[in-house]
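# Sharing a model that was predicted from the sequence below.
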Amino acid sequence: MAADSEPESEVFEITDFTTASEWERFISKVEEVLNDWKLIGNSLGKPLEKGIFTSGTWEEKSDEIFFADFKFSVTHHYLVQESTDKEGKDELLEDVIPQSMQDLLCMNNDFPPRAHCLVRWYGLREFVVIAPAAHSDAVLSESKCNLLLSSVSIALGNTGCQVPLFVQIHHKWRRMYVGECQGPGVRTDFEMVHLRKVPNQYTHLSGLLDIFKSKIGCPLTPLPPVSIAIRFTYVLQDWQQYFWPQQPPDIDALVGGEVGGLEFGKLPFGACEDPISELHLATTWPHLTEGIIVDNDVYSDLDPIQAPHWSVRVRKAENPQCLLGDFVTEFFKICRRKESTDEILGRSAFEEEGKETADITHALSKLTEPASVPIHKLSVSNMVHTAKKKIRKHRGVEESPLNNDVLNTILLFLFPDAVSEKPLDVTTSTDNNYPPSESEDYNLYNQFKSAPSDSLTYKLALCLCMINFYHGGLKGVAHLWQEFVLEMRFRWENNFLIPGLASGPPDLRCCLLHQKLQMLNCCIERKKARDEGKKTSASDNVTNIYPGDAGKAGDHLGPDDLKETDKDKGEVGKSWDSWSDSEEEFFECLSDTEELKGNGQESGKKGGPKEMANLRPEGRLYQHGKLTLLHNGEPLYIPVTQEPAPMTEDLLEEQSEVLAKLGTSAEGAHLRARMQSACLLSDMESFKAANPGCSLEDFVRWYSPRDYVEEEVIDEKGNVVLKGELSARMKIPSNMWVEAWETAKPVPARRQRRLFDDTREAEKVLHYLAIQKPADLARHLLPSVIHAAVLKVKEEESLENISSVKKIIKQIISHSSKVLHFPNPEDKKLEEIIHQITNVEALIARARSLKAKFGTEKCEQEEEKEDLERFVSCLLEQPEVLVTGAGRGHAGRIIHKLFVNAQRLTESSDEAAAMTPPEEESQRMGSPEERRQNSVSDFPPPAGREFILRTTVPRPAPYSKALPQRMYSVLTKEDFRLAGAFSSDTSFF
């Protein structure tokens, strides 16, 4: 055994030092990334323009690399600039120091208001950062920091890259970076110090100069002058003396149609809190030298009033509470509720007491009882009062979500015709505050698929929005909706037209709820006209409560009012007076034989035109101006026809689905054609009844003139005459028109089965309204609420005239029209629209807040007022705004006064001292000398102090090349940072 183990002890491990280590692989990957991004060699750009760091475009590229199993992200940040022509410059570039070293001395962009921290600290236009990829990872140990810095140095040397390369060390919140930049014979080291507390000896310029000089270690005895740039930032937080102009709405107010301090139909607007939380004043001394200014622990020349440059930025309150945004958001929340109206309010408001015990005979006797209702009780208010009594039988008065005053105010707003004895014209608006119907704002409903801004649907949406926010929330919404449905049924049963709806068929450009209400109005119009026709023929003494405005349009129509190319020629005015007295709600027409026996004739289908000519004409509207019947030369009469049934979009969808299910077979196609020709058949029958002895050619000449072709021909006598015939499509065998003509019998419109059964359709609409949950209702009305919110924002913006807001509103309209035009839009997209509207509201509120604080309305001189308004608008749109004239300009004096008043409030508890009269204020700030003496207390201690020290010195030896040196320092209450860039000559040291 021992002998066997001896050879194993002689085995030794061979280490192959040619294999790359993890460190070498990491360096190689860094070099590979630098090569891929073409960051090799020197590339000089144009000198940096003033403010380019803020106004220019910054871009970045990212990649990931690993050191063993530790992941780093490599990011290239660069300012986009025009590429410069490099031809003919290669010889000159050999000894030129890298671009980043030259940028260290550039003074055009010392304190950029918005930039990467390394740009602010070092003034670089291009750099690469290597940082731990995971947010929680950090390079903490000194050895790892040095290892990474060595890797960077080797990679820069191997590739010849002249872009600064930084490594992020320590925790990310500390923003600690070390880095290096290499050029031909030169190198810049980027170093950093970060402390929580400022050391006492470095709280002023003289102490920082000592650090800078000692770090440079310049061997020259007369040290070249150090260039200094200083910025002090003062923060104003106390706005107590300037009240926020937005008045909160008075929720308990109810005076003259106003609820919640707001008229119904008008949305609230504005922020409930001041949307501007702080004002930051930056006082800058851009070009100073060491000997000019004194700033030490005993005395300082740095007086903010004397600073040559003032710039201001405002800090906006995060998500300020905005009334309009809250209104729309709260209404949108209803969309997510699942409860039905009955579940919210308890038992149904339509149930009557004792309904469970009622016998079925009572229901039957109710149908047969004469419904004699006193005329004085047939009013909207009485009906609503009765409905409310029914509701309270189950809920109790104290539980009613809406009190009487609020409910009556809303109902009178929605139904203004309930007040007057005479009905208002339902097609016109009673409110003059709406935009004119031709304007772009009025037609927004086409894009949003909402409802016109003067319509009942739009008003209902605003009322429900306000009820939800101020009066009872979801229960209030359910209560008002029940009242609304009761009102709709009352109007249907009593022939009262619904106000605030355009006459005519449902407008498919509007929301479905608006279409349903229009459909109900169509039903009321038909029923009203029919009932009036019955009453007129029965007795002239019976009068209606409301005089009808549907009327008999046929009395006023003449032949010139009709267009020959239109199918609906006779449909505009229907003489409903001729309808039969005995017609019931569902009129069943007589059988064919009975009907024709009544006329003493046999079937028109079997008989020819001559036989049909013996029929008595019925249902004539008026004589056509020119046309005569082809066979007997009698004048052609336009018949009274039935109007086609109006359709809402859901009915159209149902119809199209039914037609699509019939398939593509011949039988299916024939059945589909029969279903679609119901209106055509009705018109043919009316035409035959009005024109006995007519032919299909006569009907086509009136109904579709393009299908009757006339040609000039020469007859036997040599005269030129017109000869007509049906078009080619009318001659196709088994043509639908020919079949329908043969099937049609001479039946006037009044005796035909109705194409549009208004009773059934009205009941369908009322049932549809009654089963709507509050969530469904909110979905229907949300486009109208968004429409109203956009109009409100546009109205408020027009008072302020902010160009940036105009652009955002256009974007909101464009976005909303895309989202709302499709059925069932996603909640996330709707939330985005509401969020955009809230942001615009906050922006306008900020503009008003700043105008109030800077007193733009109080300026007497027009020029000063324009300057101030321009200054305020810049504050809203730009990250930082330069104050013209610094502390001596008009805006500067106002800012100074703001700080003075805030200081007095903090320094003195005496409230009288805080409210200094303007005369005393102007006297106090009268002369520059007095201002200088008092300015120490005029401003609080600076919240932040920034210093940039620059110089060009040979380093490390006196004979080395003179290179740029820079140190940036920032001192705040809880932060002290030094960021140095120190260059040295690597050739002559």
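It's in.

# going forward, measure contacts between C-alpha atoms and count neighbours the same way
Will do.

# any idea which helix or strand carries L882?
strand 881-883 (DSSP states H and E).

# make that H780, sorry
helix 774-800.

# and the angle for the helix or strand following that helix with helix 774-800?
Going down the chain from helix 774-800, the next helix or strand is helix 803-820, by DSSP H and E. Here helix 803-820 points in a direction 160 degrees away from that of helix 774-800 (axes from the mean of the first three to the mean of the last three CA atoms, to 10 degrees).

# if you average pLDDT over helix 803-820, what comes out?
Helix 803-820 shows a mean pLDDT of 86.

# helix or strand for R950, which one?
Short version, using DSSP H and E: R950 is in strand 944-954.

# Need the contact partners of that strand.
Here strand 944-954 makes contact (CA atoms under 8 Å, 6 or more residues apart in numbering) with 105, 110, 205, 209, 212, 218, 224-234, 960-973, 984-985.

# same question, stretch 828-843
269-271, 275, 320, 322, 324-325, 328-329, 786, 789-790, 793, 805, 808-809, 812, 815-816, 819, 876.

# are any of these buried, and which?
269-271, 275, 320, 322, 324-325, 328-329, 786, 789-790, 793, 805, 809, 812, 815-816, 819, 876 (16 or more other CA atoms under 10 Å).

# Can you list the residue ranges for strands in the stretch 251-400 of the chain?
254-255, 258-259, 262-263, 276-289, 309-316 (DSSP state E, counting those that start in this stretch).

# Just put these in CSV and tack on mean neighbour count.
CSV is the format used below for the strands of the stretch 251-400 of the chain (neighbours: other CA atoms under 10 Å):
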stretch, mean neighbour count
strand 254-255, 14
strand 258-259, 20
strand 262-263, 18
strand 276-289, 19
strand 309-316, 20
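
# closest to Q903 out of the ones you listed?
Nearest to Q903, of all the strands of the stretch 251-400 of the chain, is strand 276-289, at 14.1 Å by CA to CA.

# Touching that closest one from outside, list them.
Residues outside strand 276-289 that contact it (CA under 8 Å, 6+ apart) are 107, 110, 225-238, 304, 307-317, 846, 849-850.

# Could you turn the buried ones of these into a ChimeraX selection?
This is how ChimeraX selects the buried members of these, with burial counted by 16+ other CA under 10 Å:
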select :107,110,226,227,228,229,230,231,232,233,234,235,236,238,304,307,309,310,311,312,313,314,316,846,849,850
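
# Filter the contacts of strand 276-289 down to just the ones in helices.
846, 849-850 (DSSP state H).

# Pick the one among those residues closest to K449.
R846 (31.4 Å).

# Look up the closest residue to that closest one, ignoring the ones flanking it.
P275 (5.5 Å; CA to CA, 6 or more residues apart in numbering).

# my read: the one you found touches I844, true?
No - between P275 and I844 there is no contact under CA atoms under 8 Å: 9.7 Å.

# neighbouring contacts of stretch 980-988?
If you take CA under 8 Å, 6+ apart as the criterion, stretch 980-988 is touched by 104, 122, 185-192, 216, 954-957, 959-961, 963-968.

# Drop anything exposed from these.
Once neighbours are counted (16+ other CA under 10 Å), the buried part of the contacts of stretch 980-988 comes down to 104, 122, 186-192, 216, 954-957, 960-961, 963-968.

# Can you mark which positions in the helix holding H780 are buried?
774-794, 796-797, 800.

# Run through the neighbouring helices and strands of it.
Using 3 or more CA pairs under 8 Å, 6 or more residues apart in numbering; DSSP states H and E, the elements in contact with helix 774-800 are helix 323-334, helix 444-448, helix 456-470, helix 473-493, helix 512-538, helix 803-820, helix 827-854.

# mind giving me JSON lines with those helices and columns for distance to D650?
Below are these laid out as JSON lines (distance: least, CA to CA, whole Å):
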{"stretch": "helix 323-334", "distance to D650": "23"}
{"stretch": "helix 444-448", "distance to D650": "18"}
{"stretch": "helix 456-470", "distance to D650": "18"}
{"stretch": "helix 473-493", "distance to D650": "20"}
{"stretch": "helix 512-538", "distance to D650": "8"}
{"stretch": "helix 803-820", "distance to D650": "17"}
{"stretch": "helix 827-854", "distance to D650": "22"}
